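> Requesting a structural model of the entry that follows:
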Amino acid sequence: MGRCTTKSTVVLFGNFFIIDSTCSIDYLSNVASSGIRFLSRYTIYNKTYTEYQSDLERTIFKDYVNTRRPVRNISKPTDVSIHFHIVHVSINQQEQTMTVHGHLYMTWIDEFLGWDVTAFNGIRITRCSKWRIWQPKIKVANSVAGIYSAFEISTHAHVLLQSLGKEQAKVEMYPTFSIKVGCSLDYSDYPRDVNSCSLSVFAKQRMSEVMSILRITLNFSRWGNQSDKRIISDFEILNVSNHLTYYKHGNTSNLEPTTANEMAVSWTVLHTTVHFQRHSVMFGISMVLPCLVSATINVLSFFLPSLIYAIYILLSNVIIQAVFLQEMVNSMPLASSRIPDSVRKEKPDLFNIYDDFYEKLRKHAIIRTRTSN
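Here you go, the predicted structure:
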């Protein structure tokens, strides 16, 4: 019996056989004699792209255990490269908290997820669900969300697998996050205060199992010309920096553990620090304008012929100044290590009004005494 000269698959669609045109005449005659029509001008591939993807997924996850650390040498730690892509920052000066939104990028090498690219029609990159692979357990060290901190980093994420050969693959994962942390903010230089707040995360596994490596630093200056995102509410973002510290025996250090004994009792902590300053454009005019009005009223009171009217005007000026100070104090943050310079500079102005008011009263008393005599 004739055979096809090239390897191909004969697929049945109803009463039609779609076969490769390179099949021999004898083979086609046998097919035709069976009463089934055929189309000989079409070449059908063995599998579609979706079928290759399904076969690849079944192959790499057939014996994969997602609770097993992805190293063949158990004494070797898994190097996880990690960095933050910050999208938005919200600062609450009353609560002394900062909320950060963005993506957490993580990459590492998995030595149990490799595949032969040529066996799967050249597929080099594929996707999978997050729960199917091993992943580092990232926690927030300084969260103020309490029991809800477990949900600050999304449990759903995009996972990309890139083949590096038959033995290993590169894993890329970037879950979204919305983390609220506590800060220690100092407003003594209000309204020119500059502060910083850090977001600290760590892997629950010890350094002997997981080592975090900071490879890429992202900050707002790399967003191109999106300068509008640098000013958020009353603050302007100056910079975003990253650094690593190492936690051991209740203390943190910048020195990386080197011995196996030290790594067995140490954890890597990634600190992402946001530097910002107050952005108060209207503060100057809101301070100068009331002071000019009060000073003008204070000076004009000396030109009044009646001391009684001058005293009434100065008393009204004191009330106006008190209202202004109350509004300014209400707009100021609650926490500060010392009285801001803007408040200390405002005190002499108010004291001058009190002195003028006292001087008017003294002159009025002297005049009344002389008149009575």
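
> Could you list the low-confidence segments of the stretch 151-300 of the chain?
214-229 (pLDDT under 70).

> so where do the helices sit in the stretch 251-373 of the chain?
Assignment of helices within the stretch 251-373 of the chain using DSSP state H, counting those that start in this stretch yields the ranges 260-263, 283-300, 307-331, 341-372.

> Show me what counts as buried in stretch 137-149.
Judged by neighbour count (16 or more other Cβ atoms under 10 Å), stretch 137-149 contains these buried residues: 138, 139, 140, 141, 142, 143, 144, 145, 149. C-beta: built from backbone N, CA, C; applies to glycine.

> Could you pull up phi and psi at residue 65?
Backbone torsions of residue 65, given as degrees, to the nearest 10, read phi -120, psi 120.

> what's around it, how many residues?
Residue 65 sits with 10 neighbouring residues when counted by other Cβ atoms under 10 Å.

> SS state for residue 197?
strand (DSSP: H, G, I helix; E, B strand; the rest coil).

> Dig out what it forms beta bridges with.
On the basis of DSSP bridges, residue 197 is bridged to residue 274.

> Distance check, it against residue 91.
Taking Cβ to Cβ, to the nearest Å as the measure, residue 197 falls 7 Å from residue 91.

> Mutual contacts of these two, please.
Common neighbours of residue 197 and residue 91, using Cβ atoms under 8 Å, 6 or more residues apart in numbering, are 98, 183, 276.

> I'd like the residues you listed as a markdown table, with neighbour count appended.
Shown next, in a markdown table, are the shared contacts of residue 197 and residue 91 (neighbours: other Cβ atoms under 10 Å):
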| residue | neighbour count |
| --- | --- |
| 98 | 25 |
| 183 | 19 |
| 276 | 24 |
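
> if we take the residues you listed, which one ends up nearest to residue 300?
residue 276 (42.9 Å; Cβ to Cβ).

> still on that earlier bit, for residue 237, state which of the shared contacts of residue 197 and residue 91 is nearest.
Using Cβ to Cβ, the shared contacts of residue 197 and residue 91 come closest to residue 237 at residue 276, 5.1 Å.

> what's near enough to touch that closest one?
Shown in contact with residue 276 (Cβ under 8 Å, 6+ apart): 89, 91, 194, 195, 196, 197, 235, 236, 237, 238.

> filter those residues to the buried ones?
Buried members of these, scored by 16+ other Cβ under 10 Å, are 89, 91, 195, 196, 197, 235, 237, 238.

> Just the CA trace of stretch 67-76, in PDB.
Extracted as PDB, the C-alpha positions of stretch 67-76 are listed here (Å, rounded to 0.1, in the frame of the first residue of the first chain):
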ATOM      1  CA  THR A  67       6.000  23.800  48.100                       C
ATOM      2  CA  ARG A  68       9.500  22.600  47.200                       C
ATOM      3  CA  ARG A  69      12.200  25.300  46.900                       C
ATOM      4  CA  PRO A  70      13.300  25.400  43.300                       C
ATOM      5  CA  VAL A  71      17.000  24.300  43.700                       C
ATOM      6  CA  ARG A  72      18.500  20.900  43.200                       C
ATOM      7  CA  ASN A  73      21.200  21.600  45.800                       C
ATOM      8  CA  ILE A  74      19.300  22.200  49.000                       C
ATOM      9  CA  SER A  75      22.300  24.000  50.600                       C
ATOM     10  CA  LYS A  76      22.200  26.700  47.900                       C
END
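
> got the buried residues for it?
Those would be 69, 70, 71, for stretch 67-76 by 16+ other Cβ under 10 Å.

> Ok, stretch 102-116 next?
Buried, per 16+ other Cβ under 10 Å, within stretch 102-116: 102-115.

> In strands, which of those appear?
102, 103, 104, 105, 106, 107, 108, 109, 110 (DSSP state E).

> and those as a markdown table, adding distance to residue 267 and pLDDT?
Below are these laid out as a markdown table (distance: Cβ to Cβ, whole Å; pLDDT from 0 to 100):
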| residue | distance to residue 267 | pLDDT |
| --- | --- | --- |
| 102 | 23 | 89 |
| 103 | 23 | 89 |
| 104 | 17 | 89 |
| 105 | 20 | 89 |
| 106 | 16 | 90 |
| 107 | 20 | 92 |
| 108 | 17 | 93 |
| 109 | 21 | 93 |
| 110 | 22 | 93 |
